[in-house]
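A.B. asks: need coordinates for the below:
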Amino acid sequence: MPIPTEPIGSIPRSPRLQEKMRAFASGTIRADEMNREFDEAVRETIEQLEATGSPVMMDGEQAKPSFATYPLSGLDNLGPEGVVIPFEDGHTRQLPRLVSGPFRYGTYAGSYVPRAKKYTSKPVKQAVISASAMSLLYPAEGIGGYSRARFLDDLVRHAVADIRSCFENGAASVQIDFTEGRLALKLDPSKGLLRQFVDLNNRVLSHFAPAERQRIGVHTCPGGDQDSTHSADVPYGELIPLLMTLEVGSFYLQMASEAHPERALRLIREHLKPGQRAYIGVTDVIDPRVESAETVRDRVLAAAEHIPVAQLGTTDDCGFAPFSDDVGTSRSIAFAKIAARVKGTAMAAAQLGV
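C.D. replies: Numbers count the residues shown, from 1 in each chain. I've put the predicted structure just below:
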């Protein structure tokens with residue numbers, strides 16, 4: 001069996017699509033026109049993904065405002081001044097703040113799957129945001145008449161429905177984006193916040209049967225926005241042992257940009273359970289240089305020194321444009337890196353005799 005390889009999610013949106021999304025947000029174009037733009041963007045993205053040889057398809061998150069905020073579309077109980085996420089280059093992203101209950105999702109990720117499936121016969125993976133990221137919407141001072149416990153009950157119910165919606169709409173697998181995991185250690189080095197995040201996500205996962213959890217994976221990275229990260233300075237070893245207590249079938253782990261990959265790979269091997277697979281990042285989405293297939297091959301072979309080949313896969317370190325306005329990486333570079341990943345993984349598999 002060859003070594004499986006999968007994308008993470010977001011592909012940079014074209015300037016035209018970004019312009020149309022801004023126009024739609026300002027009310028200057030109608031929903032039907034916007035939907036036609038999304039159709040074309042997804043069709044082109046999947047066509048180009050197919051050309052790389054990728055065995056698994058994603059829609060490139062072309063229709064999402066961001067990987068994190070898609071569930072909030074249409075909600076009227078949110079306000080500004082939520083949690084601020086600082087990046088190393090000085091720019092920030094700010095989440096909204098829940099101002100009243102009850103909390104619900106305005107959009108489920110499964111609604112994106114049918115559009116992608118129109119354009120490919122290959123398996124489609126759908127990314128969803130983690131419940132722990134959504135938990136950051138609840139203000140520290142609380143909400144009168146709507147306790148944090150009630151909020152978490154509502155959040156878990158909708159996070160479960162979000163994942164189920166993907167399967168119900170034909171997704172072959174679901175990837176939970178957990179980029180706040182490493183950030184939690186920066187905010188709280190005692191690991192208390194990270195433990196809360198892991199427990200909350202496992203609470204969501206407990207609603208799925210073991211066979212369903214085999215089709216669910218978790219992605220982690222130190223953030224990736226406008227060619228900058230928010231927590232790459234946090235040692236990976238502080239995250240991996242707790243991360244890998246999540247009850248999922250797969251882990252998608254940033255590694256190409258990691259300062260000490262061998263140390264991280266040893267920890268992954270130590271905590272990887274039977275039946276689980278570790279998809280190792282072999283392309284650095286922040287580095288504008290396109291990896292050669294040989295570079296990818298060598299990264300795969302290095303990972304195979306620590307992780308059993310039967311439990312090894314490859315991926316990109318992160319999404320290429322998690323927020324719709326991110327122009328840090330071009331579409332051409334993103335697809336070139338994906339093509340190198342696919343080819344380099346196949347080269348490594350041949351050398352390993354699998």
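
A.B. asks: for the nearest residue to P80 once chain neighbours are set aside, give me its contacts.
C.D. replies: Nearest non-adjacent residue to P80, counting by C-beta to C-beta, 6 or more residues apart in numbering: P96, 6.5 Å away. (Glycine included, C-beta is placed from N, CA and C.) Residues counted as contacts of P96 (C-beta atoms under 8 Å, 6 or more residues apart in numbering) are 69, 72, 78-80, 82, 137.

A.B. asks: before we move on, what about I163?
C.D. replies: With contact taken as C-beta under 8 Å, 6+ apart, I163 is in contact with 109, 128, 174, 176, 204, 208, 216.

A.B. asks: make a markdown table from those residues and add pLDDT to it.
C.D. replies: Below are these laid out as a markdown table (pLDDT from 0 to 100):
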| residue | pLDDT |
| --- | --- |
| A109 | 98 |
| V128 | 98 |
| V174 | 98 |
| I176 | 98 |
| V204 | 98 |
| F208 | 98 |
| I216 | 98 |
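
A.B. asks: among those, which lie within helices?
C.D. replies: Counting by DSSP state H, the contacts of I163 place V204 in helices.

A.B. asks: which members of the contacts of I163 are positioned in strands?
C.D. replies: Of these, the ones assigned to strands by DSSP state E are 128, 174, 176, 216.

A.B. asks: pretty sure the third one contacts V128?
C.D. replies: Yes - contact criterion C-beta atoms under 8 Å: I176 and V128 qualify, at 5.7 Å.

A.B. asks: residue boundaries of the helices in the stretch 101-250 of the chain?
C.D. replies: 113-117, 131-135, 148-168, 180-187, 192-205, 210-213, 240-243 (DSSP state H, counting those that start in this stretch).

A.B. asks: output the contacting helices and strands for the fourth one.
C.D. replies: Helix 180-187 sits against helix 131-135, helix 192-205, with contacts defined as 3 or more C-beta pairs under 8 Å, 6 or more residues apart in numbering; DSSP states H and E.

A.B. asks: what residues sit buried inside that helix?
C.D. replies: Neighbour-count burial for helix 180-187 flags 180-186 (criterion: 16 or more other C-beta atoms under 10 Å).

A.B. asks: can you tell me the closest non-neighbouring residue to M244?
C.D. replies: Closest residue to M244 in three dimensions, ignoring its sequence neighbours and counting by C-beta to C-beta, 6+ apart: H271, at 4.0 Å.

A.B. asks: show me what contacts the one you found?
C.D. replies: Per C-beta under 8 Å, 6+ apart, neighbours of H271: 240-241, 244-245.

A.B. asks: got the phi and psi for it?
C.D. replies: Per-residue torsions, H271: phi -110, psi 0 (degrees, to the nearest 10).

A.B. asks: pLDDT score for it?
C.D. replies: Per-residue confidence (pLDDT) for H271: 98.

A.B. asks: so K122 sits right up against M57, yeah?
C.D. replies: Yes - between K122 and M57 there is a contact at 4.8 Å, judged by C-beta under 8 Å.

A.B. asks: of those two, which one has the most company?
C.D. replies: Taking neighbours as other C-beta atoms under 10 Å, K122 and M57 compare with M57 leading, 23 against 16.

A.B. asks: any idea how far the more buried one is from A209?
C.D. replies: Distance of M57 to A209, given as C-beta to C-beta, to the nearest Å: 25 Å.

A.B. asks: brilliant, that's me finished.
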